[in-house]
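**Q** Whatever this is, show me its structure:
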Amino acid sequence: DNRLNADTAEELGMDPIPFVGVSDEDSAYLAAKAICEAMGGAGDVAIIEGIQSADNAQQRKAGAERAFDEYPDITIVASQTANWNAEEGLTVFTNILQANPDIKGVFCANDAMSFGVIQAIEAAGKTGQIYVASIDAEDAAIENVKNGIELATVYNNQDAQAAKAIEVAVDMVNGIEPSSMDIVVETILYTIDNLPQ
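**A** This next block holds a predicted model:
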């Protein structure tokens, strides 16, 4: 689900290879939009970014910013990386929360960082006061949503990605050209209302 660099592929003499995956920007937009709605469209929020040089981290940050920017009464007071890491998420958000005690929402670019953020929220005695949403739909994140500790997590539909990629590959082996060189699989926002059984 990472795009090959088109220039590099061309330099190596490779035929164009279609991308099958999700839109990281759209996944982040879904998660951040859920935070906005839960907050009633007003308040301070933070973004916990992935590794800043990574394309998927950049896309997820852009998607969150797009959602938050749709609400004039929502202010992004901090946007910092925790490098996809739970421990860094704890440290980074502890510091953000000390500087911005009125934060009402946090978008985390993956579930691992959300686990650290949730720890920071608990340590500050603010459980239930700050909405957290993230991406990956790991079992522990789904459990957090079920228990009301987290608002939402986005499932990147890996099963559908894999199935579609194999379908496209088999078609191409059989001489059938793909319908597009950019095939996007829909993601699913999991909230308390639609968790998988």
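
**Q** Can you list the low-confidence ranges for the protein?
**A** Low-confidence segments of the chain (pLDDT under 70): 1-2.

**Q** hey, where'd the strands end up in it?
**A** 19-21, 42-49, 73-81, 103-108, 131-135, 152-155, 182-184, 188-190 (DSSP state E).

**Q** What is the burial count for the nearest residue to Met14 once chain neighbours are set aside?
**A** Once flanking residues are discounted, Met14 sits nearest to Leu4: 8.0 Å by C-beta to C-beta, 6 or more residues apart in numbering. C-beta: built from backbone N, CA, C; applies to glycine. Neighbour count for Leu4, taken as other C-beta atoms under 10 Å: 13.

**Q** before we move on, what about the one 3 residues further on?
**A** Asp7 sits with 8 neighbouring residues when counted by other C-beta under 10 Å.

**Q** Report the buried residues of stretch 164-178.
**A** Lys164, Ala165, Val168, Pro178 (16 or more other C-beta atoms under 10 Å).

**Q** Just send those residues back as JSON lines, with distance to Gly40 too.
**A** Shown next, in JSON lines, are the buried residues of stretch 164-178 (distance: C-beta to C-beta, whole Å):
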{"residue": "Lys164", "distance to Gly40": "37"}
{"residue": "Ala165", "distance to Gly40": "40"}
{"residue": "Val168", "distance to Gly40": "43"}
{"residue": "Pro178", "distance to Gly40": "43"}
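
**Q** and these, which of them are in helices?
**A** Within these, residues falling in helices by DSSP state H are Lys164, Ala165, Val168.

**Q** Just name the closest of these to Leu90, please.
**A** Ala165 (35.1 Å; C-beta to C-beta).
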